[in-house]
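> Give me a 3D structure for the following:
(one chain, ligands or ions: 1)
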Amino acid sequence: MMKYSFALVITLCMGLGHAQKFDGLAQTPPMGWNSWNKFNCDVSEKLIKEIADAMVASGMKDAGYQYIVIDDCWQIDRDGNGKIVADPERFPSGIKALVDYVHGKGLKFGIYSCAGTKTCQERPGSHGMERIDAKTYAEWGVDYLKYDWCFTEGIEPIAAYTAMSEAIKEAGRPMIFSICEWGLSKPWTWARDVGHLWRTTYDIRDWYDGEINGNFLGWSIILDKQVGLEKYSGPGHWNDPDMLEVGNGRQTNTEYKAHFSFWALLNAPLIAGNDLRNMDANTIEILTNTEVIAINQDKLGQQGYKIFDYGDSEVWCKNLYNGDYCIILFNRASSRQQVAVQWEMIAPELAADSFALRDLWKHEDLGDFKYGFNAEIPSHGAKMIRLKKRYKH
Ligand code: GLA
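Reported below is the predicted structural model:
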């Protein structure tokens, strides 16, 4: 008896201590596209195929975007065996054929479900169905699962997300596991071994700074909520301040550039949320700015952080693998103003150093600067610069 209980305790401990998630994935923040921000429930195989085509044709694939993720509303029912059923009108060829199409383009495929009894749009959820759903996704060739948090009354988040993480591992196909629990239980404190990224807030909207009941947030409000979370993020486990709104039409080009700059600096997943089939030149320029994307994908994987707050202007910094720094000068005011950075804000020992600066939006070398740098920034604008050390005093 003693022997058996001992064996049981050992097995339980191993089970608890074991990291469930697939390791080695998302070593840099995932990049891709998701249907929700622009299309909501209006998803179909026709749309997804056209988006995959556009991701290649627009140059986004070459810039590093990889995952095509269908969000809510692709699913309609379960069959007699409990297997999830895709909407046959919108996905007449079935999800497997669609995954094959996306893979044929050299891209990866992501899908959506929910830890609750229903998804947020009241489609069948995965609660209690984790193993059969993970197995189905694996059979279809899915590479990424976004897992939401609606209809979860009485459900405990760590257990719910761990159950799906384990089910994915058991199904045997490597999938990025994207936890979408809106930050309620502080997933940054527990999800490192459960998923590859976790939402830190409620949903983004295509606004600079609007907010409705705390549920729908403009990106600058989300930005404020990231302060202090930087220490929880790193290769394979990222804070997710939600998907991009660049190109969806309700912000100025200056605001979209600032939104993209910050999402890059925060090591956010760069998941575009616009209609890739109809992008104007400004939108393509933003989404495919490889100098900004390189900041996001920098292999050190250290999230950027705020180093100075003057009220309506701010200075943010991100440390890079090769010893460079990336700086954002941000103007929150409603008119143009000068924003300044002193190198000592990065670290006191850098105070009198000289750096060679490069403007990552103008793609222009600005010259060498000692002590600091300042620039006039338009309202809601961000200047993003890369600092290379020249010499030390
Ligand atoms: C929640 C999520 C969103 C989106 C919708 C879909 O609101 O936070 O990102 O997935 O559900 O219904």
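> In the longest strand belonging to the chain, which of the residues would be classed as buried?
As far as residue count goes, and with DSSP state E defining each element, the longest strand of the chain is strand 382-391. Taking 16 or more other Cβ atoms under 10 Å as the neighbour-count basis, strand 382-391 is seen to contain the buried residues Ala382, Lys383, Met384, Ile385, Arg386, Leu387, Lys388. Placement of C-beta: from N, CA and C, glycine included.
> Let me know the angle separating whichever strand or helix holds Val341 from strand 382-391.
Val341 belongs to strand 337-342 when elements are defined using DSSP states H and E. When axes from the mean of the first three to the mean of the last three Cα atoms, to 10 degrees is applied, the directions of strand 337-342 and strand 382-391 differ by 30 degrees.
> Okay, now the sheet partners of strand 337-342, with direction.
Sheet partners assigned to strand 337-342 using DSSP bridges are listed as strand 372-377 (antiparallel).
> near the ligand, which residues of this structure show up?
Trp36, Asp71, Asp72, Cys120, Gln121, Asp148, Cys180, Asp203 (Cβ under 6 Å from any ligand atom).
> So the third one: helix, strand or coil?
Under the three-state scheme (DSSP: H, G, I helix; E, B strand; the rest coil), Asp72 adopts coil.
> all numbers from here: first residue = 737
With 737 as the first residue, the last one maps to Asp808.
> Distance check, Glu902 against the ligand.
Distance of Glu902 to the ligand, computed by Cβ to the nearest ligand atom, to the nearest Å: 22 Å.
> which residues sit in contact with that residue?
Gln756, Glu866 (Cβ atoms under 8 Å, 6 or more residues apart in numbering).
> Kindly check the end-to-end length of stretch 967-983 for me.
Its start and end residues considered, stretch 967-983 measures 30 Å (Cα to Cα, to the nearest Å).
> Output the strand holding Val1077 as PDB, nothing but the C-alphas.
Taking Å, rounded to 0.1, in the frame of the first residue of the first chain, the C-alpha atoms of strand 1073-1078 are listed here in PDB:
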ATOM      1  CA  GLN A1073       5.600  69.600 -29.200                       C
ATOM      2  CA  GLN A1074       9.300  68.900 -28.600                       C
ATOM      3  CA  VAL A1075      10.000  65.600 -26.800                       C
ATOM      4  CA  ALA A1076      13.500  65.000 -25.400                       C
ATOM      5  CA  VAL A1077      15.500  62.000 -24.300                       C
ATOM      6  CA  GLN A1078      18.700  62.200 -22.300                       C
END
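> other SSEs contacting the very next helix or strand once past it?
Scanning forward in sequence from strand 1073-1078, with DSSP H and E defining helices and strands, the next element found is helix 1079-1082. Helices and strands touching helix 1079-1082, as assessed by 3 or more Cβ pairs under 8 Å, 6 or more residues apart in numbering; DSSP states H and E, comprise strand 1041-1045, strand 1049-1055.
> so which of these is the most packed in?
Per-stretch averages of neighbours, counted by mean count of other Cβ atoms under 10 Å, single out strand 1049-1055 among the helices and strands packed on helix 1079-1082, with a mean of 20.
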